[in-house]
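Peer 1: the sequence isn't on hand, but the structure is:
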DNA sequence: TTTTGACTTGACAAATATTGGCAAATATAT
DNA sequence: ATATATTTGCCAATATTTGTCAAGTCAAAA
C-alpha cells in the first residue's frame, strides 16, 4: 500500500486502520488508547502526542516513517499556516535544522 | 544593516537594539514590555508571543520581515530539532503549506 | 421499526505548559 | 566603590492540552 506523502496524519491513520479492517476499539485496545481519542486523531481534530505517534507508528510498522513524517509535517504546517511569510520561514527553518543536525554530538 | 537570515530571533533582536544604542529598559518602555522578559527573549531563553513579535517587528520596522521570519523559523526548527526525520518532514510541510495557501480564500 | 454496533461530538476537570513580573544576583561602566 | 544595566531564579496567574464520559448520530441487521 502506497500512501501519498502529503496526507494528514489523521487520514493516513484512518486508511491504515481500514486497510487492516480493524475497529477503533480494536486498535485502541492494542495500544491502550481510548477509542474516542483515536477517533479524534483520525479526523484531525486532535494531534496525537509523541507517545501516541510512537505507539501508532510501531503498530503500523510497514509505514512507520510515513506516519511520523505526516505527524511532524502537520505540526509544522499548522504552526505557520496563517502567516504570510510561512514559506520563507520554512526555508530558513530548514537551514537551521541542517545546522543543528550537523553540530549535534552523535 | 544586513542580517544573516539564519540567526535566531534573539540574536537578531539584540543586534537591532544595540545597533540603535538602546537599553532593554528603553525598548521595553516603548513596547510596554518588561525589560526582563525582553532580556530573556534576546537570549533565546523565551520565545516571544505573537503580540510581542508584532510589537518588536514594528519597532524595528526596517527589518520587519527578518524579525518575523527568524521567529517563525525558530519555532519550526525547535519543533523538529530532535527528530531523525526532521528534514523530510520539513519538505512535506512545505507542500502542505503551499496547498493550504493556494486554497485559502483571500 | 427497533435494535445493535461503530463511530462522533461536546463538555468537563485534571494535567501541562507558558507567561509576566518581582526581587535578588551579577555584570559593566564610570 | 557607586550607579546603571542586565541576568537569573522563582512563582502565581493564565492558557493550552489531555483523557474521559455521557449522549449523540448513523447505517445495517434483525
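Peer 2: It's in. Keep in mind that what you see is a predicted model, and the values were worked out from it rather than measured.

Peer 1: residue contacts, residue A:80?
Peer 2: A:86, A:89, A:90, B:72, B:75, B:76, B:97 (C-beta atoms under 8 Å, 6 or more residues apart in numbering or on different chains). From N, CA and C alone the C-beta is placed, and that goes for glycine too.

Peer 1: which one of those residues sits closest to DNA strand C?
Peer 2: residue B:75 (9.9 Å; C-beta to the nearest atom of the strand).

Peer 1: and the host helix or strand of residue A:54, does that touch DNA strand D?
Peer 2: Using DSSP states H and E, residue A:54 maps to helix A:50-59. Yes - residues of helix A:50-59 are located near DNA strand D by C-beta under 7 Å from any atom of the strand, namely residue A:52.

Peer 1: okay, buried residues for that helix please.
Peer 2: A:52, A:53, A:54, A:55, A:56, A:57, A:59 (16 or more other C-beta atoms under 10 Å in any protein chain shown).

Peer 1: what is that helix packed up against?
Peer 2: helix A:24-31, helix A:64-80 (3 or more C-beta pairs under 8 Å, 6 or more residues apart in numbering or on different chains; DSSP states H and E).

Peer 1: can you pull the buried residues of the longest one?
Peer 2: By 16+ other C-beta under 10 Å, the buried positions in helix A:64-80 come out as A:66-80.

Peer 1: try the shortest one
Peer 2: Applying a neighbour-count criterion of 16+ other C-beta under 10 Å, the buried positions in helix A:24-31 are A:24, A:27, A:28, A:31.

Peer 1: my guess is the first one contacts residue A:37. True?
Peer 2: No - contact criterion C-beta atoms under 8 Å: residue A:24 and residue A:37 do not qualify, at 9.3 Å.

Peer 1: got the contact list for the residue nearest the centre of chain A?
Peer 2: With the centre of chain A defined as its mean C-alpha position, the nearest residue by C-alpha atoms, centre = their mean is residue A:71, 1.8 Å away. Contact partners of residue A:71, counting by C-beta under 8 Å, 6+ apart, are A:9, A:47, A:48, A:53.

Peer 1: export the buried residues of helix A:24-31 to TSV and tack on pLDDT and distance to DNA strand C?
Peer 2: Formatted as TSV, those follow (pLDDT from 0 to 100; distance: C-beta to the nearest atom of the strand, whole Å):
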residue	pLDDT	distance to DNA strand C
A:24	98	4
A:27	98	8
A:28	98	9
A:31	97	14
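
Peer 1: interface residues of chain A facing DNA strand D?
Peer 2: Residues of chain A lying near DNA strand D (C-beta under 7 Å from any atom of the strand): A:34, A:36, A:37, A:46, A:47, A:49, A:52.

Peer 1: neighbours of the residue nearest to residue A:100 when sequence neighbours are not counted, how many?
Peer 2: Nearest non-adjacent residue to residue A:100, counting by C-beta to C-beta, 6 or more residues apart in numbering or on different chains: residue B:81, 5.2 Å away. Here the number of neighbours of residue B:81 (other C-beta atoms under 10 Å in any protein chain shown) works out to 14.
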